[in-house]
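Enquirer: Based on what follows, work out the 3D shape:
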Amino acid sequence: MAIYQAAIAAISKGVMKLENNYDRIAECIKSLGYHVLDKEYQKNINEWLNWYKGELDSFHKYKLYNGFHFIDKKRASLRMPKRVAEEWASLLYNDKVCITVKDAVQRTLDDILSENRFNYKFSELIERTFALGIGATVVFADAQGNPKIDYLVAPMIFPLKQENGEIVDCAFGSVKGEALYINIHVKNDDGSYTVINHMYAKSDKGYESVKLESITQSAVYPVKMFQIYKPNIANNIDLFTPYGMSIYANAIEQNKVIDITYDSLKNEFELGRKRLFLALDVLTSKPITNEKGETFEVPVFDEEQTEFFALPDSNGNQDKLIAEINPQLRITEHIDALQTVMNIFADTCGFGPDRFVFRDGKVYTNADQVISTQSKLYKNIVNHEKVLRYSMIELIKAVLYVANGSEYINDVTIDFDDSIIEDSEKTRNQALLELNNQLIDDVQYYIDVYKMTEEQAIEFRDKISERSPQEEEIEEEPPEGA
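Expert: Numbering: from 1, shown residues only. Just a heads-up that it's a prediction; the model follows:
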């Protein structure tokens with residue numbers, strides 16, 4: 001039975017609720033005899049969450065003095081932290097990523113991942129992992145014994161023990177109504193894992209432990225049933241924390257400048273409108289006489305029009321009754337400044353300086369960005385894939401254990417999308433040319449073109465060979481006179 005789905009949904013309900021629920025669950029975990037590591041780190045996660053949502057009250061809400069009193073203002077935002085997390089999720093996990101296992105279980109795995117909406121949910125998990133610094137998957141069996149995957153993000157991840165920077169014991173929480181669910185994974189001395197479930201219900205005295213009826217209280221598994229995901233960047237906020245760090249954690253100041261510049265660009269049009277300054281005592285109204293000889297005052301200008309601004313002429317100078325002001329809009333300067341700070345922001349987030357382009361009032365991904373094997377973006381992609389591949393292999397082995405009731409000991413291959421830097425057609429043609437010139441054999445061809453492991457390539461070659469018709473050997477007759 002799934003006990004984690006409310007964790008992600010709870011994010012949209014506000015930071016205070018998350019903080020309260022985090023504290024409640026942490027206290028329940030403590031009452032069970034476990035120690036949650038680095039609880040104070042949650043303040044960083046809450047800040048990154050607010051930037052991910054798009055607005056931070058302490059920054060985007062401000063007051064401006066107009067000479068009479070303070071006016072409440074709201075700063076416009078381009079919401080770049082959300083965009084950065086989306087970009088990394090798209091680069092690291094998309095429809096071109098291929099997960100390959102032994103042929104006998106490939107169909108089973110594909111069906112399980114499809115039933116768990118893996119492609120969609122996992123991409124969403126990577127996005128939020130890169131935004132908040134940490135994410136997790138938890139594998140379990142439903143009431144019918146089918147493998148299920150839950151996708152979790154901070155702050156519902158509670159590390160309990162780490163070894164060499166890796167979280168080995170961990171608790172996961174969720175909130176459903178007024179009930180708290182806690183799922184604890186503890187590594188045993190022999191490498192197996194004990195998984196324990198708890199539920200706490202709200203009462204007049206607070207939260208009290210209640211008996212679980214539809215959920216297994218405790219079970220032991222020979223494989224790790226949870227997997228942790230983090231951006232592969234060194235944490236310079238806390239060198240010893242088990243938590244990861246948001247991909248934009250070191251780019252907050254640049255993002256503030258982006259929003260300040262964008263807000264200034266927006267205000268440029270509001271403050272740069274034409275103004276007509278009028279002499280109030282002369283041009284407020286003028287006398288009109290109708291056909292009946294009745295005289296009355298009518299306004300010279302429409303009082304609802306904001307283009308006109310009336311000023312009293314304190315000097316009594318009526319020579320210039322109307323003064324026209326046409327402020328010059330600094331659009332080019334703003335766009336150049338915005339592009340510059342966006343380049344700095346993108347580079348700090350690991351993309352290199354040319355990832356985003358501000359054009360026609362919108363932010364676009366730069367389709368002309370050159371991505372080579374020497375570029376900063378490519379090297380960072382490969383760096384993140386190392387950590388991602390390790391956790392994904394753990395995930396696949398846990399899923400197959402639940403499906404088959406035994407450990408999967410064969411290779412799991414994760415082929416990430418390399419089309420952004422590799423021309424697949426060129427690679428195929430080059431491999432075919434080398435094969436025809438006997439520079440490589442069939443096995444190497446399958447490895448280069450289809451990204452198979454050597455074991456898979458040999459098995460594939462042998463299957464093709466078995467299906468191919470065998471040529472009968474023809475015994476040659478000896479020549480005459482022999």
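Enquirer: can you pull out the strands in the stretch 301-450 of the chain?
Expert: In order along the chain, the stretch 301-450 of the chain carries the following strands (DSSP state E, counting those that start in this stretch): 308-311, 322-325, 356-359, 362-365, 413-415.
Enquirer: Neighbours of residue 402, how many?
Expert: With neighbours defined by other Cβ atoms under 10 Å, the count for residue 402 comes to 20. Using the backbone N, CA and C atoms, a C-beta is placed for each residue, glycine as well.
Enquirer: how far away is it from residue 346?
Expert: To residue 346, residue 402 is 41 Å away according to Cβ to Cβ, to the nearest Å.
Enquirer: just residue 401 next, same as before
Expert: 41 Å.
Enquirer: Test my guess that residue 208 contacts residue 199.
Expert: No: between residue 208 and residue 199 there is no contact, the gap being 9.9 Å when judged by Cβ atoms under 8 Å.
Enquirer: With neighbour numbers in mind, choose between the two.
Expert: Per other Cβ under 10 Å, whichever of residue 208 and residue 199 has more neighbours is residue 199, with 21 against 12.
Enquirer: isn't the more buried one right up against residue 180?
Expert: Yes: using Cβ under 8 Å, residue 199 and residue 180 qualify as a contacting pair, with a distance of 7.0 Å.
Enquirer: Helices along the stretch 251-400 of the chain, start to end?
Expert: Across the stretch 251-400 of the chain, reading from the start of the chain, the helices by DSSP state H, counting those that start in this stretch fall at 252-271, 280-283, 331-348, 376-404.
Enquirer: Which of the ones you listed sits closest to residue 141?
Expert: With respect to residue 141, and counting by Cβ to Cβ, the nearest of the helices of the stretch 251-400 of the chain is helix 376-404 at 5.0 Å.
Enquirer: May I ask which helix or strand encompasses the residue nearest to the spatial centre of the chain?
Expert: Nearest to the mean C-alpha position of the chain, counting by Cα atoms, centre = their mean, stands residue 127 at 1.7 Å. Using DSSP states H and E, residue 127 sits in helix 118-132.
Enquirer: Residue 347 touches residue 375, doesn't it?
Expert: No: contact criterion Cβ under 8 Å: residue 347 and residue 375 do not qualify, at 11.5 Å.
Enquirer: any idea how far residue 203 is from residue 400?
Expert: As it turns out, when the distance is counted by Cβ to Cβ, residue 400 lies 41 Å from residue 203.
Enquirer: of the two, who's got more company?
Expert: Legend: neighbour count by other Cβ under 10 Å for residue 400 and residue 203, higher for residue 400 (24 against 10).
Enquirer: what's the nearest residue to residue 118 once chain neighbours are set aside sitting at in phi/psi?
Expert: Leaving aside its sequence neighbours, residue 118 sits nearest to residue 149 (Cβ to Cβ, 6 or more residues apart in numbering; 6.8 Å). Reported as degrees, to the nearest 10, the phi and psi values for residue 149 are phi -120, psi 130.
Enquirer: for residue 149, what are its contacts?
Expert: Neighbour list for residue 149: 116, 118, 121, 137, 138, 139, 395, 399 [criterion: Cβ atoms under 8 Å, 6 or more residues apart in numbering].
Enquirer: Show me which of residue 401 and residue 346 is the more surrounded one.
Expert: A count of neighbours by other Cβ under 10 Å puts residue 346 above the other of residue 401 and residue 346, at 24 against 20.
Enquirer: State the distance from that one to residue 439.
Expert: Distance, residue 346 to residue 439, using Cβ to Cβ: 41 Å.
Enquirer: follow-up on the earlier one: so what sits against both of residue 208 and residue 199?
Expert: In contact with both residue 208 and residue 199: no residue, using Cβ under 8 Å, 6+ apart.
Enquirer: can you list the weak-confidence ranges in this structure?
Expert: Along the chain, segments meeting pLDDT under 70 span 1-19, 65-69, 204, 206, 211-216, 269-285, 299-329, 367-374, 419-426, 469-482.
Enquirer: Residue 200 is in contact with residue 29, isn't it?
Expert: No: with contact taken as Cβ under 8 Å, residue 200 and residue 29 are classed as non-touching, separated by 10.2 Å.
Enquirer: okay, and the common contacts of those two?
Expert: Counting by Cβ under 8 Å, 6+ apart, the shared contacts of residue 200 and residue 29 are residue 182.
Enquirer: which ones are touching residue 80?
Expert: Contacts for residue 80 were tallied using Cβ under 8 Å, 6+ apart; they are 248, 255, 258, 342, 345, 356, 363.
Enquirer: residue contacts, the closest residue in space to the fifth one that isn't next to it in sequence?
Expert: Okay, so that is residue 345. Across the structure, with Cβ to Cβ, 6+ apart as the measure, the residue nearest residue 345 apart from its sequence neighbours is residue 254 (4.0 Å). The contact partners of residue 254, by Cβ under 8 Å, 6+ apart, come to 341, 344, 345, 348.
Enquirer: Quick check: residue 116 vs residue 442, distance?
Expert: Here the distance between residue 116 and residue 442 works out to 36 Å (Cβ to Cβ).
Enquirer: tell me the contacts of the residue nearest to the centre of the chain?
Expert: 85, 86, 88, 89.
Enquirer: sorry, back to before: quick check: of the contacts of residue 149, which lies closest to residue 21?
Expert: Closest approach to residue 21 among those (Cβ to Cβ): residue 138, at 17.8 Å.
Enquirer: and that closest one, how many residues sit next to it?
Expert: Residue 138 sits with 23 neighbouring residues when counted by other Cβ under 10 Å.
Enquirer: How is it assigned, secondary-structure-wise?
Expert: With DSSP: H, G, I helix; E, B strand; the rest coil as the basis, the three-state label of residue 138 is strand.
Enquirer: State the phi and psi torsions of residue 91.
Expert: Summarising the backbone geometry of residue 91 under the convention degrees, to the nearest 10, its torsions are phi -70, psi -40.
Enquirer: Residue 346 against residue 354, yeah?
Expert: Yes: with the criterion set as Cβ under 8 Å, residue 346 and residue 354 qualify as a contacting pair; they are 7.4 Å apart.
Enquirer: Run a quick check on residue 410 versus residue 104, I expect a contact.
Expert: No: Residue 410 is not in contact with residue 104 according to Cβ under 8 Å; the separation is 9.1 Å.
Enquirer: These two: who's more crowded?
Expert: Residue environment comparison for residue 410 versus residue 104 gives the larger neighbour count to residue 410, 14 against 8, counting by other Cβ under 10 Å.
Enquirer: Near the residue nearest to the more buried one when sequence neighbours are not counted, how many other residues are there?
Expert: On the basis of Cβ to Cβ, 6+ apart, the spatially nearest residue to residue 410 that is not a chain neighbour turns out to be residue 102, at 4.6 Å. Using other Cβ under 10 Å, residue 102 has 16 neighbouring residues.
Enquirer: ok, now residue 223?
Expert: Other residues near residue 223 come to 18 when the count uses other Cβ under 10 Å.
Enquirer: Who are the contact partners of it?
Expert: Per Cβ under 8 Å, 6+ apart, neighbours of residue 223: 193, 394, 397, 398, 401, 407.
Enquirer: any idea how far it is from residue 186?
Expert: Taken as Cβ to Cβ, the span from residue 223 to residue 186 is 14 Å.
Enquirer: ok, now residue 79?
Expert: Looking at residue 79 against residue 186, where the rule is Cβ to Cβ, the gap reads 40 Å.
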